[in-house]
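Asks: A structural model of the following input is requested.
(2 chains)
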Amino acid sequence: MRIRTAGVVAVFALALAASGCGGDSDEPATKESPQAASGKLVIWADDKRTAALKPFAEKFGQENGVTVEVQAVSKDLQTNFVTAAQQGSGPDVVVGAHDWIGNLVQNGSIDPVQLAADQKSAFNETAVKAVTFNGQLYGVPYAMENLALIRNTALAPEAPKTIEDLVAAGKKLKADKKASEILCLQAGQNGDAYHIYPLYTSAGGYLFGTTANGDYDPKDLGVGKPESVEAFKKIGALGEKGEGALKRSITPENSIATFTGKKCAFLVSGPWAVADVKKAGIAYDISPVPGFAGGKEAQPFVGVQAFYVASKGKNKALAQEFVTNYVTKPDLAVALYQAEPRPPALTAALDQVKGTDPDLAKFTEAGRNGQVLPAIPAMAAIWDPFGKAEAAVIGGADPAKTITAAGTTIAGQIK
Amino acid sequence: MSTSLSGPGSTQAPGREPVGSRPPRRRTARDHAPITVTGLAVKVVLLGLVAGIAIWAAFPLVEAEKWVGLALLAATTVGLFYLYLTRRHVPAKYLVPGTLFLIAFQVFPVLYTASTAFTNFGDGHRGSKDDAIVAIQTASVKQVPGSAEYALSVATEGDPATGPLVFLVTDPATGGVSVGDADGLRRLDPGEVTVAPGGKVTAADGYTVLTFGQSSARSQEITELVVPTDGGALRSAGLSRAYEGKAVRAYDAGCDCIRDAETGRTWAADESTGSFVAADGERLAQGWKVGVGLRNFTRVLTDDHISGPFLGTLIWNFAFALGSTAGTFLLGTFVALTLHSPRMRGTNLYRVLLILPYAMPSFAMLLVWRDMFNTDFGLVNGLFGLSVNWFGQEWSARAAVLLVQLWLGYPYMFLVATGALQAIPRELTEATSVDGASPWQSFRSVTLPLLLVALSPLLISSFAYNFNNFNAIYLTTEGGPFPADNPTNGATDLLITYTYRLAFGGQGAEFGFAAAISIFIFAIVAVVSAVSFRRTRKQEEVYA
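Replies: Numbers count the residues shown, from 1 in each chain, chains lettered A, B, ... in the order given. Predicted structure coming up:
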């Protein structure tokens, strides 16, 4: 009995020791960096981009006699980066969306980058504007994305000019049993602020006013203002108790699948949906998201993917060199486009690929009037309450009461 | 009985002979545990592991000059070696590993959480004040308007690895080359330098131009090298370009504030909130971590947005945890009783089928269930021809999450109830039937109490687990449906999902606040568990 107990204890101790080692296994990686800092550049990106970046990173390393390591962080890249940067174990360069900038800057995690005037002018103007924060350039953009209306041309040959046209066409298809839904615009039980935003702007709503120099002003919150109430009334009229075009049962998970399953003729989505649509063999076309008849233009958010220089990186000079003089070359932008087809931010790169991919120009056209997704930290307070207000209004709640409450909540969370 | 024992005993007798023939030796062996090869090997391997881990952990500690940590590490290692190399302190040999792991993985995180609750640690307040000042100054370096962009080469007059660094910069307008260091810029004779077509200096008399590899080894020095000029200072932008920049904002130790050189505005340091605040209340985004005392705790109690829906959420939280536990217990026990019946055939097949939900990852199953409750495309409505918006109404959403919990949880209860039932002697139930009790009476007065003695601790732990079952809510309803006038608190919100939204859903993460709320939740769960365990002990005393 005693021997058996001892054996069990030994096995447990071993297992615990092993798990102890396992738990700390990310430590050695962080400890290596100071010793190897000499000629090493560490880049963090998500899975897809890591694969596309690797060959270029290796080439950069070989050309310059340094080692470049691209590490994939598949989940919560932003949070992980901020935490790691704080502990001094972060990378030198990180790749991510431009609306992270506000949070990264307030945590002192990234440094401004300096681009020469001719380098700057090689980029799409909106993309440069997106990575500019408090008058400083904080990242080098490489790709842009925005929503557009993707339609099944077999069911809907004509691009609708207004939402009313779209609803009429969708209703007719529904009556003819050719489709079961009017429009695939993802909402879900808790709403989706990003996808409803084009309709919100078309109906006259806004999120933040702008200051004199064109930056978003967190003190001028548009949610809860009379314009937003009017906008939500129009959105509510399209909802479950109205036209039935907007539904909470269309979720981020099933929206694209419902479109590819030919259950709806219209899909509001971005470049990431195109691969699935192509795979399903659907004849499709892309046009801007239509606005309300007599309303303003529907303005989707424009998001930008960018490279950032970590302020606590071990090798900042090299990181600056990589980001400002290497990422600005079209070859890399083209390779990243091939990894995931979003329109490149470099005009030269866009020109290079748009011949083979007509969708790109259409997405760019759909985003021509788009608004840069606000990068100010206050934007983080918008998403959740705004989405929930949208879901409630689609479900038939009183627009005035709902959006005013959302405005109060958001204002309370903005510091 | 005796024959069956002597049978195998006699066949094994020759093998056991040597041991049995030396009874005195055996006695001493029991007093001083025998040194076996396996035991020795295990000891050597484990102590080797300890030494290895200690050495591996020591280097970073030395590098970071954390002497207290190093002393602690050394003391622990020496202590472990002493303990396992002596023959004394046998009970400690068993207790110490567990205690060490308890301290490392339980006590330390709890203390860390508790200490975080008294700070404003979160986005914008992560580092020290110095970090914030550096971040503010760096972020304010702007290119001097109208200034030129220079081509840059990093060079040194001495050894490439250690010699003092200089910048060799080429003015794009004139093509003139200058050398710059901390003292300023000096023009170089054009005859002494070789300039590549791009404007980059490739060689200069008296200087060694560093390659990228050599430069990047001295990255930090390059970033810190600032060459003063009339308009501002030359700084490197990477390794091949330099620009004339100027830090617009700087820290002034005299007034303990940040001053903007362009506008003259100042932001004074506020040590109570850990941020620089201007006279009109404008706050700079980059703040630092400070202790805030009990402010996080009082905020939970005094903020109407938080304390208002708190009670309702708490009640539903209890209902959810009780409902999940009771539901799974009842169904699990019922199924276990059914399969326990000796008249039941094919029990093994049923058992395998019943275990299936338990074998599937609950993470994925929760997402599948969420989609099954979809109004228009879900299996539940499709199967029954309904059009209920399950997650859109308060009570249907609550019923739905409890249903999902029941499906996910009953196989576990079935498993433990089956085990407990098999431990109850059949003689007891047989005795009751002899005494004329009905099956229900027999179950009620004999089986159930004995079952509860075995299962009560499990029920309490199941309750505590479900009380904080974040995934069950967050992956299905996300706390919804939300009332139209309050997007922060939904009908199926548990305290944990509610606080997660409060602490991380707004403008950035607030770890200090989240830690304070988790202490509140800890207190609630601890009280509930303590009361239940006390009652269980009484129950055990009654039935034992």
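
Asks: can you count the residues close to the closest residue to A:E390 other than its chain neighbours?
Replies: Nearest-residue entry for A:E390: A:G191, 3.7 Å, with adjacent residues in sequence omitted and distances by Cβ to Cβ, 6 or more residues apart in numbering or on different chains. Just so you know, the C-beta spots here come from the backbone N, C-alpha and C atoms, and that holds for glycine as well. When neighbours are counted by other Cβ atoms under 10 Å in any protein chain shown, A:G191 registers 29.

Asks: again, but for A:S249
Replies: The number of residues near A:S249, taken as other Cβ under 10 Å, comes to 21.

Asks: Tell me where the stretch 151-300 of chain B has strands.
Replies: B:165-170, B:177-181, B:184-187, B:193-195, B:201-204, B:208-209, B:227-228, B:233-237, B:241-247, B:249-252, B:257-260, B:266-270, B:275-278 (DSSP state E, counting those that start in this stretch).

Asks: Tell me where the model's unsure across the chain.
Replies: As the question left the chain open, I've gone with chain A. A:1-38, A:415 (pLDDT under 70).

Asks: Hmm, no, I was thinking of chain B.
Replies: In chain B (pLDDT under 70), the answer is B:1-33, B:506-507, B:539-544.

Asks: Secondary structure element for the residue nearest in space to the middle of it, which one?
Replies: In chain B, the centroid-proximal residue (Cα atoms, centre = their mean) is B:P109; its distance is 9.2 Å. Taking DSSP states H and E as the criterion, B:P109 maps to helix B:108-116.

Asks: Buried residues in that helix, which are they?
Replies: B:T113, B:T116 (16 or more other Cβ atoms under 10 Å in any protein chain shown).

Asks: Please tell me how far the residue nearest to the centre of chain B sits from chain A.
Replies: Between B:P109 and chain A the distance is 11 Å, computed by Cβ to the nearest Cβ, to the nearest Å.

Asks: circling back: distance-wise, check the residue nearest to A:E390 relative to B:Y474.
Replies: Distance of A:G191 to B:Y474, given as Cβ to Cβ, to the nearest Å: 16 Å.

Asks: what does B:D371 give?
Replies: From B:D371 to B:Y474 the distance is 15 Å (Cβ to Cβ).

Asks: how about A:G387, what does it touch?
Replies: A:G387 sits next to A:N190, A:G191, A:D192, A:A193, A:I196 when contact means Cβ atoms under 8 Å, 6 or more residues apart in numbering or on different chains.

Asks: so can I have JSON lines of these showing distance to B:W316 and secondary structure?
Replies: Formatted as JSON lines, the contacts of A:G387 follow (distance: Cβ to Cβ, whole Å; DSSP: H, G, I helix; E, B strand; the rest coil):
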{"residue": "A:N190", "distance to B:W316": "18", "secondary structure": "coil"}
{"residue": "A:G191", "distance to B:W316": "22", "secondary structure": "coil"}
{"residue": "A:D192", "distance to B:W316": "26", "secondary structure": "coil"}
{"residue": "A:A193", "distance to B:W316": "27", "secondary structure": "helix"}
{"residue": "A:I196", "distance to B:W316": "29", "secondary structure": "helix"}
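
Asks: So which of those residues wins on neighbours?
Replies: Highest count within the contacts of A:G387 by other Cβ under 10 Å belongs to A:G191, 29 neighbours.

Asks: residues touching it, list them.
Replies: Applying Cβ under 8 Å, 6+ apart, the residues near A:G191 are A:F386, A:G387, A:K388, A:A389, A:E390, A:A391, A:A392, A:I394.

Asks: From these, pick the one nearest A:P157.
Replies: Nearest to A:P157 among these: A:I394, at 28.3 Å, using Cβ to Cβ.

Asks: mind listing the strands for chain A?
Replies: Along chain A, counting by DSSP state E, strands occupy A:40-45, A:67-72, A:93-97, A:110-111, A:132-133, A:136-137, A:140-146, A:148-152, A:208-210, A:216-221, A:266-269, A:284-287, A:301-310, A:371-372.

Asks: Pull out the buried residues from the longest helix along chain B.
Replies: For chain B, the helix with the greatest residue count under DSSP state H is helix B:511-543. The neighbour-count check on helix B:511-543 (16+ other Cβ under 10 Å) flags B:511-521, B:525, B:528, B:532, B:536 as buried.

Asks: Now the stretch 1-150 of chain B against chain A: closest residue?
Replies: B:A135 (3.0 Å; Cβ to the nearest Cβ).

Asks: Phi and psi next, for that residue.
Replies: Torsion angles at B:A135 (phi, psi; degrees, to the nearest 10) stand at phi -60, psi -40.

Asks: try the one 5 residues further on
Replies: Main-chain dihedrals, B:S140, degrees, to the nearest 10: phi -100, psi 0.

Asks: residue contacts, it?
Replies: Taking Cβ under 8 Å, 6+ apart as the test, what B:S140 contacts is B:A247, B:V248, B:R249, B:A250, B:D260.

Asks: Could you measure from it over to A:Q136?
Replies: For B:S140, the distance to A:Q136 - Cβ to Cβ - is 8 Å.

Asks: domains in chain A, as residue ranges please.
Replies: Residue ranges for the domains of chain A, per automatic domain parsing: A:39-145+A:303-371, A:148-299+A:376-413.

Asks: A:V229 and A:Y206, how far apart?
Replies: Distance from A:V229 to A:Y206, by Cβ to Cβ: 12 Å.

Asks: One more: B:Y84?
Replies: As judged by Cβ to Cβ, B:Y84 and A:Y206 stand 69 Å apart.

Asks: who has more neighbours, those two?
Replies: The neighbour count for B:Y84 versus A:Y206, taken as other Cβ under 10 Å, is higher for A:Y206 (20 against 16).

Asks: The more buried one against A:P226, yeah?
Replies: No - with contacts counted by Cβ atoms under 8 Å, A:Y206 stays clear of A:P226, the gap being 11.6 Å.

Asks: Around the residue nearest to B:N468 when sequence neighbours are not counted, count how many other residues there are.
Replies: Spatially, and ignoring its direct neighbours in sequence, B:N468 is nearest to B:I496 (4.9 Å; Cβ to Cβ, 6+ apart). When neighbours are defined as other Cβ under 10 Å, B:I496 has 20 of them.

Asks: Let me see the contact set for whichever residue of the stretch 151-300 of chain A sits closest to chain B.
Replies: Proximity of the stretch 151-300 of chain A to chain B (Cβ to the nearest Cβ) peaks at A:S249, 3.9 Å away. By Cβ under 8 Å, 6+ apart, A:S249 lies in contact with B:N374, B:T375, B:D376, B:F377, B:G378, B:N389.

Asks: Any chance of TSV for those residues, columns secondary structure and distance to A:L221?
Replies: Output for these, formatted as TSV (DSSP: H, G, I helix; E, B strand; the rest coil; distance: Cβ to Cβ, whole Å):
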residue	secondary structure	distance to A:L221
B:N374	coil	33
B:T375	coil	32
B:D376	coil	34
B:F377	coil	35
B:G378	coil	36
B:N389	coil	31
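
Asks: Right, I'll call it a day here.
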